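A.B. asks: got a predicted model here, sequence first, then my questions.
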Amino acid sequence: RRWRARKSAPSLSTEAKTAAREAMLSLVASASHDAVARHAAVCCARATRLERAGEWPNLIDHLCAAVRSEGTIRLRALLTLYYVVKEQSSRCLAPDRRVFAATSAAVLPVAVPLAMAATSAAVAGSDSAALEVAPLAAKLCRRLVVQGTSNIQQSPDAQ
């Protein structure tokens, strides 16, 4: 079976997709090895790329809440959020671009303060985890600003 229906194979049921989504997110959070968590994050991102807007409505909110936590959960949620944003930013059709612009508006208020705090902590040398968080948060912010906003001067977050 495939995630989306094709002529040659039927798609997964909505219950199976929901179970797969929950399993991917729990695997990102609870994996014992970072490589497994990274692969689960990539799988989450690929699944969001295959879906239409609104089929996984709470993903961004869930990841933004997890980014506000501490420890490895924060780093893994940030990594997953980066991969999801990266996959969504590569879509070219106008409706998909509008959805990504809305996603950017929701994620930027979380990502920018995180990037600033992590960069300050990394420069000060006060937090060793900030050395991993700072570049990832900066890459996330860059992708959101460059590809998620059409006119940055008119954005209320630009001030």
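C.D. replies: Everything's here; your move. Residues are numbered from 1 along each chain as shown.
A.B. asks: so what's residue 71 up against?
C.D. replies: When the contact criterion is C-beta atoms under 8 Å, 6 or more residues apart in numbering, the partners of residue 71 are residue 129. C-beta: built from backbone N, CA, C; applies to glycine.
A.B. asks: so it versus residue 105, what's the distance?
C.D. replies: Applying C-beta to C-beta, to the nearest Å, the value for residue 71 to residue 105 is 28 Å.
A.B. asks: residue 144 now?
C.D. replies: With distances taken as C-beta to C-beta, residue 144 is found 9 Å from residue 105.
A.B. asks: neighbour-wise, which of those two wins?
C.D. replies: Between residue 144 and residue 105, counting by other C-beta atoms under 10 Å, residue 144 is the more crowded of the two (24 against 15).
A.B. asks: so for the more buried one, what's the pLDDT?
C.D. replies: We have a pLDDT of 91 for residue 144.
A.B. asks: one more: residue 98?
C.D. replies: You'll see residue 98 listed with a pLDDT of 86.
A.B. asks: just residue 73 next, same as before
C.D. replies: With respect to pLDDT, residue 73 has a value of 90.
A.B. asks: ok so it is a strand residue?
C.D. replies: No. Per DSSP: H, G, I helix; E, B strand; the rest coil, residue 73 lies outside any strand segment and is helix.
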